[in-house]
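In: A predicted structure for the sequence below; I have some questions about it.
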Amino acid sequence: MFKGPGQAGILSVPEPSNTAGHLLLKVRRVGLCGSDLNSFRGQNPLVSYPRIPGHEIAATVVENFSKHSRLGIGTDVAVSPYTNCGECASCRRGRPNACQFNQTMGVQRDGALTEYIVVPPERLYPAKLSLEELCLVEPLTVGFHAVARGRVTADDIVAVLGCGGVGLGAIAAASSRGAKTISIDIDDDKLALARLSGGAHGIHSLRDPLHERLLELTDGRGPDVVIEAVGRPETFRAAVEEVAYTGRVVYIGYAKEPVTYETRRFVQKELDVLGSRNAQPEDFRAVIELLEARRFPVEEAVSLMVSLEEVPAAMGSWSDNPPQFKKIMVHLD
Ligand SMILES: [Zn+2]
Ligand SMILES: [Zn+2]
């Protein structure tokens, strides 16, 4: 449990009781990503304390109390951590991933870094995958959703700013749609992982001149689609500056400060500027298909595996040196 900024500890909590219509799951693996690190450090405005983290989840069905689910005891599943109200403008438009009143597990309400959780059947995804692969489904869906928002096709050249977990998902998704994908980061390890995920070209934007390299790789036009997965003012602006005329810009990064723009670029280039948030059920299914086809470097994507007891210490050392880990996975067996 994150008790407050910089404070993590192991506590005893009651077993979940509200099981009617739901499934009782034993949690097996939980992935921790940059947003959990922000929560731990007190830098996630959506999080209040105390909070049990955990939104990247692989679990096993222990009991099924739902009339609408045939999932048997012992089935391994990936879990969608989102909720939706069913009433807001997004929900009415069939886009519950952007529900105004969404409460993500581990963010606005307690998450899965605990022994048992109770989840309604529509948020469970069984698949022919290992526990580690099931645990990677949710983080990859976020990038997959951005690629869907950007309407990426095989005719597009797609540039992805930021090759963390979310950016990697976008690279894998764009590549699996047949697009030529350009990965951009300032970390050689992340660029190597991006290549393994399907990225055709990599640009180290501190060493290489970003603008010139992008023009070289796109016959002087700029990328058809730019996906921003960093959340910094420079990358927010670069997306609009570098994208081709009449291109599409998709923002996934959550900027912590206001960003100033040369807004005439929106008009001049007649851009589609799109936000992308969380993921839809079809994004979960698309990621599962990719993982079942073994087209993602699962082992390389996880930098550290720890037990539940080791999480507080691991969060502390991650916070002291953030580039040290890409993703920490917790095993609860
Ligand atoms: Zn995450
Ligand atoms: Zn809603």
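Out: Noted; the coordinates are in hand. Numbering: from 1, shown residues only. Ligands and ions are numbered 1, 2, ... in the order given.

In: any idea of the mean pLDDT for the strand or helix carrying Met315?
Out: In the assignment (DSSP states H and E), Met315 maps to helix 311-320. On average, the pLDDT along helix 311-320 is 96.

In: May I see the buried residues of it?
Out: Val311, Pro312, Ala314, Met315, Trp318, Ser319 (16 or more other C-beta atoms under 10 Å). Every C-beta, even on glycine, is put in place using the N, C-alpha and C of the backbone.

In: Taking those together, which two end up most distant?
Out: For the buried residues of helix 311-320, the maximum inter-member distance is 12.2 Å, found between Val311 and Ser319 (C-beta to C-beta).

In: can you pull the contacts of Ile328?
Out: The contact partners of Ile328, by C-beta atoms under 8 Å, 6 or more residues apart in numbering, come to Gly31, Leu32, Val302, Ser303, Leu304, Met305, Val306, Val311, Ala314, Trp318.

In: Kindly recompute the last result at 10 Å.
Out: 30-33, 36-37, 302-306, 310-311, 314-315, 317-318 (C-beta atoms under 10 Å, 6 or more residues apart in numbering).

In: that older thread, C-terminal to the helix holding Met315, what's the next element?
Out: Helix 311-320 is succeeded, C-terminally, by strand 328-331 (DSSP H and E).

In: do that next one and ligand 1 meet at all?
Out: No - judged by C-beta under 5 Å from the ion, strand 328-331 stays clear of ligand 1, getting no closer than 10.8 Å.

In: Please state the offset of the lowest-mean-pLDDT helix or strand in the chain from the chain centre?
Out: Taking mean pLDDT, DSSP states H and E as the measure, the chain has helix 298-301 as its least confident helix or strand, at a mean of 92. Here helix 298-301 is found 15 Å from its chain centre; the criterion is C-alpha atoms, centre = their mean, to the nearest Å.

In: Just give me the neighbour total for the nearest residue to His145 once chain neighbours are set aside.
Out: Spatial nearest neighbour of His145, excluding adjacent residues (C-beta to C-beta, 6 or more residues apart in numbering): Ala279 at 4.2 Å. Residues contacting Ala279 under the criterion other C-beta atoms under 10 Å number 25.

In: Was I right to think Ala279 contacts Ser80?
Out: Yes - between Ala279 and Ser80 there is a contact under C-beta atoms under 10 Å: 7.7 Å.

In: Mind checking what helix or strand follows the longest helix anywhere in the chain in sequence?
Out: Assignment by DSSP state H gives helix 131-149 as the longest helix of the chain. Downstream of helix 131-149, the next assigned helix or strand under DSSP H and E is strand 157-161.

In: Who are the packing partners of the next helix or strand after that next one?
Out: Using DSSP H and E, the helix or strand that follows strand 157-161 in sequence is helix 165-176. Secondary-structure packing of helix 165-176 (3 or more C-beta pairs under 10 Å, 6 or more residues apart in numbering; DSSP states H and E): helix 34-40, helix 131-149, strand 157-161, strand 180-185, helix 188-196, strand 225-228, helix 281-292.

In: center of the protein, which residue is that?
Out: Pro139 (3.2 Å; C-alpha atoms, centre = their mean).

In: residues touching that one, list them.
Out: Contacts of Pro139 (C-beta under 10 Å, 6+ apart): 31, 33-35, 55-56, 164-166, 168-169, 279, 287, 301, 327.

In: what angle sits between the longest helix of the chain and strand 157-161?
Out: Between helix 131-149 and strand 157-161, the angle comes out at 120 degrees (axes from the mean of the first three to the mean of the last three C-alpha atoms, to 10 degrees).

In: quick revisit: if any of the contacts of Ile328 are buried, put those into a ChimeraX selection.
Out: Remark: buried members of these, expressed as a ChimeraX selection using 16+ other C-beta under 10 Å:
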select :30,31,32,33,36,37,302,304,306,311,314,315,318
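
In: Considering only the contacts of Ile328, which also neighbour ligand 2?
Out: Counting by C-beta under 5 Å from the ion, no member of these is near ligand 2.

In: Cheers, nothing more for now.
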